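**Student:** please work out how this folds:
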Amino acid sequence: MREPLPTVAERLRAVVDQDYRVWRPPRPRRAATVALLREDTGDLTVYLLRRSPTMAAAAEMHVFPGGGVEPRDGAVESAATTRAAALRELAEETGVDLRSGVDASVEPDLVRFARWITPEVLPHRHDTDFFAAALPPGVEPEIVGTEASSAEWLRPSLALQQAEDGRIGLLPPTLAALHLISEFDSVPAALAGLAQLKVVPLMPAPVRTATGFGWELRDCEVGRVVTDPAEVGLPSDWRVNPPVGGAK
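**Tutor:** Here you go, the predicted structure:
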């Protein structure tokens, strides 16, 4: 019989104290997601899916199309694997195939610009590469399958405002990505600018405070704490606040 999941407080304490008798964080699954971009009446917009309420992770959150790496995408540690997974997931979830009509020897224009790892306190974890791509001319994405309940094109700044107003839910990595994209006013500028960013693996991590637990953002590549969010393209007053509720 499966043992009950430790409470959020128990998991927070176990992660901070590295007490693996209580909670051993699951190994994150490699994954990929794609911020699909287009210009609408002069404004740069991004395609966001709203996850179905039945999803085990990110239920009802607004996210970019994406998912976990599968064996057919290649070796898990290969540099090309998450790229292949991004192209496959985009086609499977939206019907947009960036490889359609492109010479097999030519790589689709897919820009990797961020990497986020799910906090260790959560039972479903991913190590996700974030890509950006332009919507091909004459193509319109649509919801494919049952993982999303709705979808819409939004200006990044509007999506951020709606999240602040509580109208939509954004996980920290999606929010961070939208902040980065919002700096640009056209698809070419966004792809060129995002391609210049240094990609480091970022993970929200719990820390003990005088009143309980707080959060910090860690650069897992060198093991340091990111004290200035602007270093990774976020506003300087941005604070980590990953959702840990809903787990029993």
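**Student:** rest of the way, CA atoms for contacts and neighbours
**Tutor:** Will do.
**Student:** grab the nearest non-local neighbour of Ala163.
**Tutor:** Of all residues not flanking Ala163 in the chain, Gly169 sits nearest, at 5.7 Å (CA to CA, 6 or more residues apart in numbering).
**Student:** and the longest helix along the chain, what other elements does it pack with?
**Tutor:** Longest among the helix segments of the chain by residue count, using DSSP state H, is helix 81-94. For helix 81-94, the packing partners by 3 or more CA pairs under 8 Å, 6 or more residues apart in numbering; DSSP states H and E come out as strand 29-40, strand 66-68.
**Student:** ok, Leu178 touching Leu158?
**Tutor:** No. Using CA atoms under 8 Å, Leu178 makes no contact with Leu158, being 9.8 Å away.
**Student:** so those two - more neighbours on which side?
**Tutor:** Leu178 (22 against 13; other CA atoms under 10 Å).
**Student:** SS state for the more buried one?
**Tutor:** helix (DSSP: H, G, I helix; E, B strand; the rest coil).
**Student:** now it, nearest residue through space, not along the chain?
**Tutor:** Pro156 (5.4 Å).
**Student:** which ones are touching that neighbour?
**Tutor:** 44-46, 178-179, 181-182 (CA atoms under 8 Å, 6 or more residues apart in numbering).
**Student:** can the residues you listed go into CSV with extra columns for pLDDT, distance to Ala58 and secondary structure?
**Tutor:** Listed next are the contacts of Pro156 as CSV, based on pLDDT from 0 to 100; distance: CA to CA, whole Å; DSSP: H, G, I helix; E, B strand; the rest coil:
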residue, pLDDT, distance to Ala58, secondary structure
Leu44, 98, 25, strand
Thr45, 98, 22, strand
Val46, 98, 18, strand
Leu178, 95, 17, helix
His179, 93, 19, helix
Ile181, 96, 21, helix
Ser182, 95, 22, coil
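**Student:** between the residues you listed, which is nearest Glu152?
**Tutor:** Set against Glu152, the nearest of those by CA to CA is Val46 (8.2 Å).
**Student:** partner residues bridging the closest residue in space to that closest one that isn't next to it in sequence?
**Tutor:** Counting by CA to CA, 6+ apart, Leu37 is the residue found nearest to Val46 once chain neighbours are left out, at 4.7 Å. Under the criterion DSSP bridges, Leu37 forms beta bridges with Val46, Ala134.
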